[in-house]
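K.L.:
Quick one, what's the 3D model for this:
(one chain, ligands or ions: 2)
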Amino acid sequence: MLLKRTPSWHMKESLATDEHIYHNRRQFLKAAGLSGVGLMAASTGLSSLAEAAPITGFPAMRNQAYQLDRDITPEDEATTYTNFYEFGSNKNIWRKAQKLVTDPWMVTIDGLCQNPMELDAADLIKKTGPMEERLYRHRCVEAWAMAVPWTGVPLAKLVALADPKPEARYLVMETFLDPKVAPGQSQSWFPWPYVEALRLDEATHELAFLATGLYGKEMPKQNGAPIRLVVPWKYGFKSIKSITRFSFAAEAPLSFWQESNGNEYGFFANVNPEVPHRRWSQATERLLGTNERVPTQLYNGYGDLVAGLYQNDNPKELFF
Ligand SMILES: Nc1nc2c(c(=O)[nH]1)N[C@H]1C(S)=C(S)[C@@H](COP(=O)(O)O)O[C@H]1N2
Ligand SMILES: [Mo]
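P.N.:
Residues are numbered from 1 along each chain as shown. Ligands and ions are numbered 1, 2, ... in the order given. Got it, this is the predicted structure:
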């Protein structure tokens, strides 16, 4: 079974790297709230290792409901110009990100839900699939933009699987924490690990996507393998990469960027060309690939679908 699904080079890599297996087990234990070590720890580590298998099913069938008004960004642009502060604060960290071991990848679902669980990313996607492909626009708060084919599953499927309790109002998501692999996490002025959250009505909106792949292939590490969020009506920093934990909460947490710089980055971060960033205009954006400048659109062009989510919110809070 394992041999059939896993290319031999892949198995060798994950089996050889004791450090990462150890880390994964530690993360698992921490999440499960187990303090003792011993037999339990050993069996936990072994079972996560035995279940190691990559997410499969690429390319997935394209969902034609989501059409672009612009060309798809060249693949080499979208995969080499990336924001992933865990690996450094410049755009060309894609080589450094190759150090991330993404299989096995334990995910914790916990907090205010009926079905908390710990499982490998591939098992999570099996439970929430089938995967599909969607063409989405992406708008970084720094005013560059792209349009790419993501593969994944609706985030609403994960929410349904977890079955939130009535008190749950937010879905909080967290990235891995491992400064040995991700040198940016040694920069102590940042509040690691990266945390983001959506209100539950946002998390269950049809556009909110849990992405597993890009350009018809498994997710490149630098783009947030093995699973990342994609919320195309919001500035890119909401679309948290390499997620290890989904927690249901009654209150919104402070996100990574709110905690780093709350004057410039808020909770909603919905795209709006008429609300400038404190240090620059958001009226236009630069397309990766051509460098063409085009007008930015309210909710990044997805207003027809998402504006209804915000009818009862203060407009002053929605767009930063
Ligand atoms: N964990 C984590 N997620 C992250 C980031 C990050 O630094 N760390 N950067 C965000 C920002 S600012 C953007 S624009 C997008 C970039 O996604 P891409 O590199 O796949 O284009 O990822 C977002 N998710
Ligand atoms: Mo961004």
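
K.L.:
Closest residue of the stretch 51-200 of the chain to ligand 2?
P.N.:
Going by C-beta to the ion, ligand 2 is nearest to Cys140 of the stretch 51-200 of the chain, at 3.3 Å. Using the backbone N, CA and C atoms, a C-beta is placed for each residue, glycine as well.

K.L.:
Next, the residue lying closest to that residue once chain neighbours are set aside: phi, psi?
P.N.:
On the basis of C-beta to C-beta, 6 or more residues apart in numbering, the spatially nearest residue to Cys140 that is not a chain neighbour turns out to be Gly236, at 4.1 Å. When read as degrees, to the nearest 10, the backbone of Gly236 gives phi -50, psi -30.

K.L.:
going forward can the numbers begin at 152, since that is how I track them
P.N.:
Renumbered: residue one is now 152, and that last one reads Gly387.

K.L.:
For the residue of the stretch 202-351 of the chain closest to ligand 2, list the residues it contacts.
P.N.:
Applying C-beta atoms under 8 Å, 6 or more residues apart in numbering to Cys291 gives the contacts Asn234, Tyr386, Gly387, Phe388.

K.L.:
Contacts only, for the last one.
P.N.:
With contact taken as C-beta under 8 Å, 6+ apart, Phe388 is in contact with Asn234, Cys291, Val292, Glu347, Phe407, Trp408, Tyr416, Ala420.

K.L.:
picking that back up, now rank the contacts of Cys291 by neighbours and give me the top one.
P.N.:
Neighbours were tallied for each of the contacts of Cys291 (criterion: other C-beta atoms under 10 Å), and the maximum of 26 neighbours falls on Tyr386.

K.L.:
Trp295 is in contact with that one, correct?
P.N.:
No. Under the contact definition of C-beta atoms under 8 Å, Tyr386 does not touch Trp295, with a separation of 11.2 Å.

K.L.:
hey, what's in contact with both of these two?
P.N.:
With C-beta under 8 Å, 6+ apart, Tyr386 and Trp295 have no common neighbours.

K.L.:
Give me the neighbour count for the nearest residue to Gln336 once chain neighbours are set aside.
P.N.:
In this structure, Gln336 finds its nearest non-sequential neighbour in Pro330, 4.1 Å apart by C-beta to C-beta, 6+ apart. Neighbour count of Pro330, defined by other C-beta under 10 Å: 13.

K.L.:
Now do the SS call for Pro330.
P.N.:
Classification of Pro330 using DSSP: H, G, I helix; E, B strand; the rest coil returns coil.

K.L.:
residue contacts, it?
P.N.:
Residues in contact with Pro330 (C-beta under 8 Å, 6+ apart) are Gln336, Ser337, Trp343.

K.L.:
Next, the first one: phi, psi?
P.N.:
What that stands for is Gln336. Backbone geometry at Gln336, expressed as degrees, to the nearest 10, gives phi -80, psi 0.

K.L.:
mind listing what it touches?
P.N.:
When contacts are counted by C-beta under 8 Å, 6+ apart, Gln336 touches Glu237, Leu328, Asp329, Pro330, Trp343, Pro344.

K.L.:
can you check the second one too?
P.N.:
By C-beta under 8 Å, 6+ apart, the contact set of Ser337 is Pro330.

K.L.:
Give me the pLDDT for it.
P.N.:
According to the predicted model, the pLDDT of Ser337 comes to 97.

K.L.:
Quickly note the distance from it to Phe238.
P.N.:
Distance of Ser337 to Phe238, computed by C-beta to C-beta, to the nearest Å: 11 Å.

K.L.:
Equivalent analysis for the first one, please.
P.N.:
Relative to Phe238, Gln336 is positioned 9 Å away (C-beta to C-beta).

K.L.:
Could you list which residues are in contact with the residue of the stretch 302-451 of the chain found nearest ligand 1?
P.N.:
Nearest residue of the stretch 302-451 of the chain to ligand 1 (C-beta to the nearest ligand atom) works out as Gly387 at 2.5 Å. Under the criterion of C-beta under 8 Å, 6+ apart, the contact partners of Gly387 comprise Asn234, His289, Arg290, Cys291, Val292.

K.L.:
before we move on, what about Tyr386?
P.N.:
Applying C-beta under 8 Å, 6+ apart, one finds that Tyr386 lies in contact with Arg290, Cys291, Val292, Ala420, Asn421, Val422.
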